[in-house]
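Asks: Sharing a model prediction with you, sequence too.
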Number of protein chains: 2
Amino acid sequence: MPGALLTIDLGAVAANWRALDAKSANTVETGAVIKANAYGLGVGPVGRALQKAGAKTFFVALAAEGVVLRQAIGPTARIFVFSGYMQGDESAFDEFDLTPLLNSADQVVRYLTHRHGAEYGLQLDSGMNRLGMESPELVSVIEHFPAIDPVLTMSHLACADEPEHPQNLDQLTAFNEMAATLTSQQSSLSATGGILLGADYHMDITRPGIGLYGGEPFMDARPVVTLSLPVIQTRPVAVGESVGYGATWVAPRPSTIATVAGGYADGLIRAMGSNASLYAGDTRCPIVGRVSMDLITVDVTDLAQVPASLDILNTTQTVDVLADAAGTIGYEILTSLGNRYQRVYKD
Amino acid sequence: MPGALLTIDLGAVAANWRALDAKSANTVETGAVIKANAYGLGVGPVGRALQKAGAKTFFVALAAEGVVLRQAIGPTARIFVFSGYMQGDESAFDEFDLTPLLNSADQVVRYLTHRHGAEYGLQLDSGMNRLGMESPELVSVIEHFPAIDPVLTMSHLACADEPEHPQNLDQLTAFNEMAATLTSQQSSLSATGGILLGADYHMDITRPGIGLYGGEPFMDARPVVTLSLPVIQTRPVAVGESVGYGATWVAPRPSTIATVAGGYADGLIRAMGSNASLYAGDTRCPIVGRVSMDLITVDVTDLAQVPASLDILNTTQTVDVLADAAGTIGYEILTSLGNRYQRVYKD
């Protein structure tokens, strides 16, 4: 069946991974964050493409995501789970060889009791106050488990996309102080933003996410997604006639309006409204009226010919540009991409 | 595996359908709109529940949705497709007994040529300027196909949730004028909002959608969804410490912050930020800091005990309340509900 077409450039994903890998020294490993179904793009195809590009260590948010990833990429890669060892996830860790990033004393106790001898990482909170152990909790854990030997000790920066923010250095210092109190095979502090902060932040392994998928703050990222929506019909609209819910847009000139199949149920965030456009090749066609659940109306008056489909994500209107129109960030544009698209992967 | 739990009350869906059915005369049929995967709640379970409640006519946006619905509810129900007879969908209409709502002369010509003798409906545009034929196009179609005999002639109101909006009456008049120029077995103008406008708008069959799923403008709707997010960990946060991305929230008092598994990748729209809360039973716990992709941080300082999970949708914070917090409408909260939830249906 036809319909909206989401094209995902796995070659660009791989190129972005290599470009971010090149930002750190050869001695620094570059992992890959493919949580939330690889930021909405498909954990199987993206995971395999990154593995082929050279990634050996992957990070997911939930054990359930790790299960899907393990089935996609086979037994050799390491898969770390940010949410750690949550109640009820125990069998997934056993059966699919997942490694938790333990983020509380409670998780450490449960893991070392139930899964003696298995590998684990530790997640430390260096100042974001979101996930991971803080210094007093870590001290207590080390007291109770002096032989603690994580394969990875990591933390996450809250302000890495603002290079001048003082919290970056504060978190770096806090992390180094905490990490110095234990032995760990590897340490990690930086996602995409942190990689761009420089070598002090690279540690043993980096964890690029958004940069792989073409999003800021990695300004040199190659765009990864193109999204085309089929035109269902076009109509003439006279001066003074309104279009769409609430009759919010009124034609200021004799207009031709195209209705395309795609709406907020497809993750085309309603808030973008008429701040965003669709494209016929390089020609911009503004959205008019409100974004509906399944439909968007577009001013195509200035086109000599209306094509069979119009693009809402392309190399001009990237995920970050569309995010600006919707008052959000590129990450949310990606993770919202809907289930009704035909997804095509190119190498 | 555990994780976030989305509970969908099919009994409430059925009750809402019956309540909306009771708003129109016994001679008026009540259909059901279950496009966009039944507004995000699952087209199979919702379709079967509505069929059991008495619905015989269903509406979807895309032929692909009709295919899934047909497989779920069997051969007897009628399934209309709003987007009509789109290029490439032909085999789906044949194989799964779908009925298009033809919305342009082009679609009429293609359908009557390729699928001679099969049933079809006509979608008319009575003033929304989004989907359907306008009067001149309809006149032309009737001239070319004088024997045209749709099983359903329908249109859609743009302002039905504003009962006083003058466009409602304008569209009613325009629809009646257009519908009078042809013979049709049934006619339909109203979704949930139109049902509440009164009998003039009911025609032969109504098409409730959002009201079935507990959303405005049907203020008597029973809430349908409950969403609980598991607490991963809690931490003390001292006065002056910040929480989350961008360090936007700073603790004004010694606080306890819970981190729950759920974020904008699960459709918990980032824009809601700290306008929304989570609930421990009836106790409101405000979101603090930014909503992350997979995590939300919550102020649980005032709880005597932190439960294993906190609710973000319940009978107090309904889809419409959460929508207000995010600057959108309940429809988008529903259709954004993510793929990582465990979904439980109760009768």
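Replies: On my side now, so go ahead.
Asks: Surely A:E162 touches B:G246?
Replies: Yes. Taking Cβ atoms under 8 Å as the definition, A:E162 is a contact partner of B:G246 at 7.4 Å. The way it works is simple: take the backbone N, C-alpha and C, and place the C-beta from them, glycine included.
Asks: so who does A:T206 touch?
Replies: The contact partners of A:T206, by Cβ atoms under 8 Å, 6 or more residues apart in numbering or on different chains, come to A:20, A:24, A:28-31, A:188, A:190-191, A:194-195.
Asks: where does the residue nearest to A:R253 when sequence neighbours are not counted fall, phi/psi-wise?
Replies: Of all residues not flanking A:R253 in the chain, A:V239 sits nearest, at 6.2 Å (Cβ to Cβ, 6 or more residues apart in numbering or on different chains). Backbone torsions for A:V239, taken as degrees, to the nearest 10, come to phi -50, psi 130.
Asks: Now, the contacts of A:T206 that are in helices?
Replies: Mapping the contacts of A:T206 onto helices (DSSP state H) picks out A:20, A:194-195.
Asks: Please spell out the PyMOL selection for the buried subset of those residues.
Replies: Remark: buried members of those, expressed as a PyMOL selection using 16 or more other Cβ atoms under 10 Å in any protein chain shown:
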select buried, chain A and resi 20+194+195
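Asks: and which of the ones in helices among the contacts of A:T206 is nearest B:P217?
Replies: Among these, A:G194 lies closest to B:P217 (Cβ to Cβ), at 46.9 Å.
Asks: Give me the helices and strands touching the helix ranked longest in chain A, please.
Replies: Ordering each helix of chain A by length in residues (DSSP H) puts helix A:166-179 first. For helix A:166-179, the elements it packs on are helix A:135-144, judged by 3 or more Cβ pairs under 8 Å, 6 or more residues apart in numbering or on different chains; DSSP states H and E.
Asks: Give me the residues contacting stretch A:171-187.
Replies: A:29, A:122, A:124, A:126-128, A:135, A:138-139, A:142, A:148-155, A:157-158, A:189, A:200-201, A:203-205.
Asks: got it, and stretch A:32-48?
Replies: A:8, A:10, A:13, A:17, A:50, A:55, A:57-62, A:65, A:68-69, A:72-73, A:82, A:191, A:207-210, A:212-213, A:224-225, A:267, A:331, A:334-337, A:343, A:345, B:265, B:293-294, B:339-340.
Asks: May I have the distance across it, first residue to last?
Replies: 11 Å (Cα to Cα, to the nearest Å).
Asks: With stretch A:274-286 instead?
Replies: Across stretch A:274-286, first to last residue, Cα to Cα, it's 7 Å.
Asks: and the stretch 151-300 of chain A, which of its residues are near chain B?
Replies: Contacts of the stretch 151-300 of chain A with chain B, taken as Cβ under 8 Å from any Cβ of the partner chain, map to A:158-159, A:162, A:165, A:167, A:230, A:232-233, A:235, A:237, A:241-247, A:257, A:259, A:261, A:264-265, A:267, A:269-271, A:289, A:292-295, A:297.
Asks: domain parsing for chain A?
Replies: What automatic domain parsing lists as the domains of chain A is A:10-213, A:225-346.
Asks: what sits against A:D311?
Replies: If you count contacts by Cβ under 8 Å, 6+ apart, A:D311 has them with A:226-229, A:278-280, A:317.
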